[in-house]
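Student: Show me the folded form of this:
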Amino acid sequence: MFTFSLTLVRHGETQYNRDKLLQGQGVDTPLSETGLEQGDAVGKYLKDNPFHNVFASNLQRAVQTAEIILKNNTHCSGTEVVLEPLLRERSFGVAEGRHKDDLKNMANAAGQSCSDYTPPGGETLDQVRLRLKKFLKVLFKQMLDEHGRSGPDASAGASEAGDAANGTAAAASDAAPVRSAGDGLEGVPVHALVVGHGAYIRVAVKHLVEDLKSSLPAGVKMSQLLSPCPNTGVSRFIFTLSQSESGPVLSACRCIFTNRKDHLENLTAAK
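Tutor: Predicted coordinates:
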């Protein structure tokens, strides 16, 4: 058995985000000044998390955010960002570059809800989920190949991770839980970071929670877990894998938290 953590971070704000314009895959814009500040804030928040593997969408808003996070990290000197096309944002087809209200109007004209609607030339949610599943397959294999036989810590982590995650869940039920950037990481030997996009991360969390039956933090409503991820919002899951002849098998999945934005509070107060 091998256990590792996966921390998901949405990229920082772009001017398109600020103007409520759809970017998808066809519009590749850099971070805005606010986005750079958000990236720095989440980098400082996660600075003591020892990420062994870092993956990012190959769109520049995600790449920039990942690079800022690594620049702030105290453990990741020399760690490279693996640019992964499977992590690209959902394609919104003809709606890319247009206002989000245009997407709503297109959905209404088609007699569908905006959340279910796929613009011409865009990706369906099932297609995004398929990309995610391909990425998870690649991720699980790489983590096992690189770290699964790396020594006693790896085997110890599998047994200790459940206790650590259970402690996090128990803390969530307290009247005033202490939230930390290291929640869920104690006893887990290996850590991965993924920097991606809002619509993609929402599909990912939904897949992990509903399809892979991830255990959930105590006292958290499903609507909160599946709410839209803010720019540089942080989510975390713990995976336990076993090896079979056909490849890695997911033995357990635990959600520690989703869409956390504690690091943005000072930025918001300063504006």
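Student: Strands along the chain, start to end?
Tutor: Assigned by DSSP state E, the chain shows strands spanning 2-10, 53-56, 81-83, 190-196, 234-244, 247-260.
Student: would a markdown table of those strands with mean pLDDT be doable?
Tutor: Listed next are the strands of the chain as a markdown table, based on pLDDT from 0 to 100:
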| stretch | mean pLDDT |
| --- | --- |
| strand 2-10 | 97 |
| strand 53-56 | 98 |
| strand 81-83 | 98 |
| strand 190-196 | 98 |
| strand 234-244 | 96 |
| strand 247-260 | 95 |
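Student: could you dump those to a markdown table with distance to Pro30?
Tutor: Where C-beta positions appear, they are placed from N, C-alpha and C, glycine not excepted. A markdown table is the format used below for the strands of the chain (distance: least, C-beta to C-beta, whole Å):
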| stretch | distance to Pro30 |
| --- | --- |
| strand 2-10 | 15 |
| strand 53-56 | 14 |
| strand 81-83 | 15 |
| strand 190-196 | 14 |
| strand 234-244 | 21 |
| strand 247-260 | 24 |
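Student: Between these, which one is closest to Ser113.
Tutor: In terms of C-beta to C-beta, the element of these nearest to Ser113 is strand 247-260, at 21.2 Å.
Student: Would you agree Leu193 is in contact with Thr65?
Tutor: No. Using C-beta atoms under 8 Å as the test, Leu193 is too far from Thr65 to be in contact (10.5 Å).
Student: Neighbour count: those two, which is higher?
Tutor: Thr65 (30 against 25; other C-beta atoms under 10 Å).
Student: any shared contact partners between Leu193 and Thr65?
Tutor: Val9 (C-beta atoms under 8 Å, 6 or more residues apart in numbering).
Student: hang on, the earlier thing: out of the strands of the chain, which gets nearest to Asp183?
Tutor: strand 247-260 (5.5 Å).
Student: and the direction of the closest one versus that of strand 234-244, what angle?
Tutor: Angle, strand 247-260 to strand 234-244, by axes from the mean of the first three to the mean of the last three C-alpha atoms, to 10 degrees: 170 degrees.
Student: what about Gln127, how many neighbours?
Tutor: 14.
Student: And Gln60, by the same measure?
Tutor: Gln60 - counted by other C-beta under 10 Å - has 15 other residues nearby.
Student: cool, and Arg88?
Tutor: Arg88: 21 surrounding residues under other C-beta under 10 Å.
Student: That one and Gln60 touch, don't they?
Tutor: No. Contact criterion C-beta under 8 Å: Arg88 and Gln60 do not qualify, at 11.4 Å.
Student: what residue ranges in the protein score low on pLDDT?
Tutor: 150-177, 268-271 (pLDDT under 70).
Student: which residues touch Leu87?
Tutor: Contacts of Leu87 (C-beta under 8 Å, 6+ apart): 55-58, 62, 135, 194-197, 200.
Student: Please report the distance of the closest residue to Ala110 other than its chain neighbours from Asn105.
Tutor: Distances taken as C-beta to C-beta, 6 or more residues apart in numbering place Tyr117 nearest to Ala110, at 6.0 Å, with adjacent residues excluded. Separation of Tyr117 from Asn105 (C-beta to C-beta, to the nearest Å): 10 Å.
Student: again, but for Ser5
Tutor: Taking C-beta to C-beta, one finds Ser5 at 41 Å from Asn105.
Student: which parts of stretch 203-212 are buried?
Tutor: By neighbour count on 16 or more other C-beta atoms under 10 Å, the buried set for stretch 203-212 is 203-209.
Student: same question but for stretch 116-131, I mixed them up
Tutor: For stretch 116-131, by 16+ other C-beta under 10 Å, it's 117-119, 122-123, 125, 128-129, 131.
Student: Would you mind listing the outside residues contacting it?
Tutor: 24, 86, 88, 90-95, 103, 106-107, 110, 199-200, 203, 207.
Student: Which ones among these lie within helices?
Tutor: Members of the contacts of stretch 116-131 lying in helices (criterion: DSSP state H): 103, 106-107, 199-200, 203.
Student: Most neighbours among the residues you listed, please name it.
Tutor: Among the ones in helices among the contacts of stretch 116-131, Tyr200 has more neighbours than the rest - 26 neighbours, counting by other C-beta under 10 Å.
Student: Would you enumerate the residues in contact with that residue?
Tutor: By C-beta under 8 Å, 6+ apart, the contact set of Tyr200 is 57, 87-90, 128, 132.
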